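In: How does the following fold in three dimensions:
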Amino acid sequence: MRKNYNNQRKKLQLPEYGRHIHEMVDHLMTIQDRDDRNRQVKSVIAVMGNLNPLLRDSSEFAHKIWDHLFIMSDFQLDIDSPYPIPTAKTLAPIPNKLQYPTKKVKIKHYGKNIEKVLLELQNSENVNSVEVVVGNIAKYMRTKSYEYNQEHPSNEVIIKDIKKLSNNMIYVDEEAISNLKSEYKNTQNSYLKVNQNRGKVNKNQRSTNKPQYRQRPTMSK
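Out: Now for the predicted structure:
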């Protein structure tokens with residue numbers, strides 16, 4: 001007696017339906033008469049619906065069963081379907097290839113968005129809005145430069161980088177950049193003073209709030 005192991009049988013496309021349903025689908029493909037094949041398909045669909053009787057009456061579930069039928073036949077079953085006949089590409093579409101940027105970033109720690117904003121400012125006719133945006137960009141560039149180099153950049157460095165990123169098409173007011181730097185320094189100095197004052201207060205509180213220990217009473221003989 002020849003033994004028939006599962007590892008020697010045909011691979012199941014949808015194992016949740018079992019081998020008997022797959023064998024029914026394989027039998028449908030051997031039927032020559034198209035009308036007879038369409039009639040037998042309805043019986044197979046009914047058997048597939050009995051596996052989930054609570055869902056077989058819904059339209060979405062019926063559509064899914066018909067799609068599963070074509071999947072089990074490897075999309076080779078020629079029948080009249082009440083739904084659009086799927087293909088391997090429609091059920092498992094191949095995603096489009098991502099377009100990776102090929103343009104290099106001029107100054108990496110600023111990012112490419114800063115360069116895009118500066119290039120867009122060239123087309124702006126409102127001088128005041130351009131100055132405001134350039135000032136905000138200069139603040140951002142100072143922050144990123146400090147994070148990258150661990151030191152505060154000078155005005156010359158910021159102005160040079162802005163001109164480089166904008167292809168020398170944006171006018172930079174050096175006095176405005178200097179004012180931004182002075183404001184930055186003032187905020188830093190005030191922050192340091194607050195921290196120093198907090199340290200002094202904490203020291204005074206520690207000296208005045210020392211715990212007082214009571215002397216242990218001596219026992220009289």
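
In: And the strands in this protein, which stretches?
Out: Read by DSSP state E, the chain holds no strands at all.

In: Now for it, the helix or strand with the poorest mean pLDDT.
Out: Least confident helix or strand of the chain, by mean pLDDT, DSSP states H and E, is helix 174-208 with a mean of 52.

In: what about the helices in this protein?
Out: Taking DSSP state H, the helices of the chain run over residues 18-28, 34-50, 59-72, 88-91, 112-120, 127-149, 155-165, 174-208.

In: mind putting those helices in TSV, distance to Asp80 and mean neighbour count included?
Out: For every residue, glycine as well, the C-beta is placed using N, CA and C. Converted to TSV, those look like this (distance: least, CB to CB, whole Å; neighbours: other CB atoms under 10 Å):
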stretch	distance to Asp80	mean neighbour count
helix 18-28	13	15
helix 34-50	5	14
helix 59-72	11	17
helix 88-91	18	11
helix 112-120	55	15
helix 127-149	64	15
helix 155-165	64	17
helix 174-208	74	11
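
In: Quick one: closest of those helices to Ile79.
Out: Comparison of the helices of the chain against Ile79 by CB to CB identifies helix 34-50 as nearest, at 5.1 Å.

In: now the residue positioned nearest the centre of the chain: how far from Met29?
Out: For the chain, the residue nearest the mean C-alpha position is Leu98 (14.4 Å; CA atoms, centre = their mean). Note on Leu98: its distance to Met29, by CB to CB, to the nearest Å, is 39 Å.

In: ok, Glu115 - contacts?
Out: Val105, Lys106, Ile107, Leu165 (CB atoms under 8 Å, 6 or more residues apart in numbering).

In: With Ile158 instead?
Out: Neighbours of Ile158 in contact, by CB under 8 Å, 6+ apart: Ala138, Met141, Arg142, Ser145, Ile177.

In: Tell me the one among those residues nearest to Thr90.
Out: Nearest to Thr90, judged by CB to CB, of the contacts of Ile158 is Met141 at 49.2 Å.

In: Name the residues that touch stretch 36-54?
Out: Against stretch 36-54 from outside (CB under 8 Å, 6+ apart): 17, 21, 24-25, 27-28, 31, 56, 61-62, 65-66, 68-69, 77-80.

In: let's see 10 Å
Out: Outside stretch 36-54, the residues that touch it by CB atoms under 10 Å, 6 or more residues apart in numbering are 14, 16-18, 20-21, 24-25, 27-31, 33, 55-58, 61-62, 64-66, 68-69, 72, 77-82.

In: re the thing from before, could you measure the residue nearest to the centre of the chain against Leu14, distance?
Out: Separation of Leu98 from Leu14 (CB to CB): 31 Å.

In: re the thing from before, only the buried subset of the contacts of Glu115, as a PyMOL command please.
Out: Under the burial definition 16 or more other CB atoms under 10 Å, those of those that qualify are selected in PyMOL by:
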select buried, resi 107+165
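
In: mind listing what Asp173 touches?
Out: Glu131, Val134, Gly135, Ile159, Asn179.

In: Closest one of these to Val117?
Out: The shortest approach to Val117 among these belongs to Val134, at 9.5 Å (CB to CB).

In: Would you mind giving the domain segments of this protein?
Out: With automatic domain parsing as the criterion, the domains of the chain are listed as 9-91, 108-186.

In: and the first one, average pLDDT?
Out: Translated: domain 9-91. On average, the pLDDT along domain 9-91 is 88.

In: End to end on that domain, go ahead and measure it.
Out: Domain 9-91 has an end-to-end distance of 25 Å (criterion: CA to CA, to the nearest Å).
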